[in-house]
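Chemist: 3D, please:
(chains A and B)
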Amino acid sequence: MAPKSVAGGDWHPIKLSAAVFGHISQGLYRSPAGAIKELISNSFDADASLVRIHTDFPRFERFSCEDTGLGLEKGEFLRLMERGIGTSYKRTGDDMTTSVYKRPIIGRLGIGILALAQICSEFTIISHHRKTKTAFRASIRFPPYTKQEIEKILKKRRQSPDDETFVQGGEYTMEDIDFDDEKSGVRIFTNYLRETFRKRMRNLDSYARKLHLKKTGPYKDFEEFLASIYGAASGAVRRNPSLSRHSDYDQLLFGLALAAPLPYFDGSDGNIALSTPLLKQYQRTVKSYRFRVDVDNVSLARPLYLPSDREHHSGADCSVSEPIDKQVDVVDGVSRERVRVALYPIKVRGEDLQFRLYEFRYANQNVGGRPLAFSGYVFQQTGRLYPREIQGSLVRIRNVAIGFYDPGIMGYPLAEGPRYSMVSLELFVEQGFEDALNIDRDSFNQLDGHYMRMQNFVYNLLHDIVFPQTWGEEKERNRRKKSVKESEGERAFLRAFRDATKERYARLVRSEKRRDVRANGTSPVRFRRNARRIEIDSWHPGLKKVLSRRRYRLLAERIVIAFERAALESDQSRRRQVFYALLRGILSRV
Amino acid sequence: MPAEFEKYWSDLRKHHKRRRHWLPAAVALARELAGRSGLKYFTLCARSMVDVFMFVREGLLDYSAGDQMVRNVSFCEMDEELFPEIKELIGLEDAGFPGRLEDLALFEDDGLTGQYGTIDEVSGALEDEGLPRQSVDMLITKRRYLQLRGSFPYDVINLDFCGYYYEPPDILRINQTVGRFLEWQREAAAYGKIEEFVIFVTCRHDDRFPPAATEHLKDIARANYSGHEPYRSYFERTRRLGDIERWANGDNEDFFLSVWPKEIARLAQRCGWGMEILGYPYYDRVSDGGYPYKIACLVVRFRNVQSESNYLQVALHALNRDSRELIREISAESVEGRQLTTDLAAIVELRNRHATARNRPILQMPQAGG
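Modeler: Got it, this is the predicted structure:
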């Protein structure tokens, strides 16, 4: 049957709230992942079990997003177009859930569909609505606005910010098509990707080329993708300190995997974060939503794989001990609360490293007159977390990440040095927080009471419990590392010594005992072959300035030893030969 | 592809065509190209993708079961809903060209697009968001055209058109598309990238064959008739007719089947390809509306020849009724029917494995008779 036109086959204007327009014209989302995340959230709300996204990698000229959900009803679509996008509230209460999988509904303003404006100028949407057994096909265009037009609209908006004004946000055309139950869901296609998006995804600019970005997809599966991000478990692939060394495509995959309401990746090496009760329960809950997102045939999962340190320790190397009860005092104005925190010490097999995982749950029925509840965890490891993009804090509302990990941990006010880079925390909002969310659903209004209370809790938790634990350990670890390095350096030097002089020594000894010597007349180094040790008089007046800088002291001592040993040779060329050989031995370990 | 055609993937006569004509041609070519990891294949495979998975099963394409990717396969699909599905089953994002093949292959520059010669230049022009929609469309089509052109050469090109070869209103568009492909193959041959390849062209014929197309073919036949004595004498001997007009009006099916291949031979001659018809099967089909028609398929091998054209041999070959194979109804209970069904089932099983992994609809398994 030929499709019949509902909207007359003509293009009709899209009514858009001026507030939303303001955001869109300025780039509503901070990243392509932020924009595409909105489509995934729509599918989650529509009880889709699968969302398929195709990016047309590596050409990036076409984009499609299909879901297997209930579909968008024609009337709802028309309401969005004609009554103004940005005014429709999909959810009114906190406990609204979807009908099939009982998922907490994410969407609110009905602007998800507009998210695509960030990456394309026109798209087609085909929806088969299961409940009403109707289907439609529509095309939506977002024409580019001139700077003057944008300024004019925004000026009007600034002059009367409380007026609910509308602007033409684009145009659309729609027609009815035959309903097909097998096609139930929403399909979005576009050939009109913005060139800026495409260019960025292709990393065509010379800047990216200069950086020698890592080779990117296509990936066989998510495990392969994670291996490229975290480095192979074998250590064969070096860990990248940051995703900025990866292509924008990798960053898109990572961003979507992080943002979407998906379970954690639970690979063969094990994710240590999943061994505690709260996270186990959380993982079960998210799995019960039966939601899958495939991007270019790769099924995504939450890309957090802990621990993630330079030494490639994996979850399989760790064992979690019994929890220890801790308490955090949260003081916020006149409000004082004591929140229980469970600390799980984590031991690393064969190493004296100590990782920790803190779990907590906060609930208060009256924070600024509204209830607030959230739970979460802090994972803390000795040494920096790789990549940088999992360092810091991430807030999830209804399982969807708001923005990315915040390395400044919600504006933590004290200087904590490298310890920021050793923690990764997630906060799962269970109740409240809706008003703290900005319209882009990618950032927060930092003056919102709920946000400030959470901030306060996090500050106290980190300051009173998490960070103090790490101080002593860091010191001890650094001392040990230094000592190991020194003894390795010494052994290497003595080996070089043996090779160059055929003399065997077991130790270098710094002698503090003063003897009566004239400044430059006596050597500060003694080679005691019987005792198999080399002694250097660190107090020697001639060495005073040479050894004065602590940082280079070891190096300077060895150079002095090399010089003194070479000076014992009678022949000049032999002196030179010995000195150079010893110098090589010293420098090989610098 | 119209829904009507989607149901024919399991037709045993169609599979006979695949198995007994397409496959041997591809196998023979692959043997000559021994050492390569697989053939480079272009197809209009539609949703069933039986041809692709038949070649995968026979080891003719570069395929790894582990990651379920079929490399070096390109397809063109105009249905935007089918496009991602086919891409998923192939397993590579850049395997497809969206749109109508003729529109891409026969793209002609206008004043704007003519200024941009490379993909990067076209992309640069598209960065201007103030361009009129028509210009954007032209630039996007140009970019796809350049990509399609850049993807050449192919070892096997399967143009399984579901309609007439001479589809109104512009009856020569498909023929021009085939011509373009032969030109692009020739360009690649100039750089030593290809020496020989095969093309399968499938189309429809019935008594509603466009009259303008018949007139076009008559002109070709007349030229042969008057210009080539061997052709004239063979025609008069076998058809017992003295003029082309009566032939075209009296037995339009034979007329079409005899003359159409010459159209492709002419294109080959122009591009310097020696052409050999490896197979010429055709069979009956009835439309949903009860209308009978024929499906004809030319299986042709092209060789890079500098010597004289073999146009006349091709013309005579096509004129010879015995060189064609009418595939009659194949009973599922017959030996041939059972063999074809078993083979098709194995292909479908492999295809469905990919579809299941991607959560896409699977094809119903063909049932063996008896």
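
Chemist: centre of the chain versus stretch B:43-56, how much separation?
Modeler: 12 Å (C-alpha atoms, centre = their mean, to the nearest Å).

Chemist: export that stretch as CSV, just CAs?
Modeler: C-alpha atoms of stretch B:43-56 as CSV (Å, rounded to 0.1, in the frame of the first residue of the first chain):
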residue,chain,number,x,y,z
THR,B,43,27.1,-7.4,-5.3
LEU,B,44,23.5,-6.2,-5.2
CYS,B,45,22.9,-9.0,-2.7
ALA,B,46,19.7,-7.7,-1.0
ARG,B,47,18.7,-9.0,2.4
SER,B,48,19.0,-12.7,1.8
MET,B,49,22.7,-12.4,0.9
VAL,B,50,22.8,-16.0,-0.4
ASP,B,51,25.4,-15.2,-3.0
VAL,B,52,27.8,-13.7,-0.4
PHE,B,53,27.5,-16.6,2.0
MET,B,54,27.7,-19.2,-0.8
PHE,B,55,31.1,-17.7,-1.8
VAL,B,56,32.1,-17.6,1.9
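
Chemist: contacting residues around that stretch?
Modeler: Around stretch B:43-56, the neighbours that count as contacts under C-beta atoms under 8 Å, 6 or more residues apart in numbering or on different chains are B:1, B:5-6, B:9, B:15, B:18-19, B:22-23, B:26, B:39, B:41, B:61, B:63, B:70, B:73-77, B:82, B:85-86, B:89-90, B:101, B:156-161, B:343-344, B:347-348, B:350-351, B:354, B:363. Where C-beta positions appear, they are placed from N, C-alpha and C, glycine not excepted.

Chemist: tell me how many other residues crowd the closest residue in space to residue A:73 that isn't next to it in sequence.
Modeler: Closest residue in space to residue A:73, ignoring its immediate chain neighbours: residue A:129 at 4.7 Å, by C-beta to C-beta, 6 or more residues apart in numbering or on different chains. Other residues near residue A:129 number 23, with proximity taken as other C-beta atoms under 10 Å in any protein chain shown.

Chemist: what separation is there between residue A:129 and residue A:558?
Modeler: Noted for residue A:129: a distance of 78 Å to residue A:558, by C-beta to C-beta, to the nearest Å.

Chemist: and the gap between residue A:525 and chain B?
Modeler: The spacing between residue A:525 and chain B, counted by C-beta to the nearest C-beta, to the nearest Å, is 63 Å.

Chemist: surely the residue nearest to residue A:73 touches residue A:177?
Modeler: No. Because the distance of 11.3 Å does not satisfy C-beta atoms under 8 Å, residue A:129 is recorded as not touching residue A:177.

Chemist: out of the contacts of stretch B:43-56, which are buried?
Modeler: Applying 16 or more other C-beta atoms under 10 Å in any protein chain shown to these, the neighbour count classes B:1, B:5, B:9, B:15, B:18-19, B:22-23, B:26, B:39, B:41, B:61, B:63, B:70, B:73-77, B:82, B:85-86, B:89-90, B:101, B:156-161, B:343-344, B:347-348, B:350-351, B:354, B:363 as buried.

Chemist: surely residue B:103 and residue B:138 touch.
Modeler: No. Proximity of residue B:103 to residue B:138 does not meet the contact threshold set by C-beta under 8 Å, at 11.3 Å.
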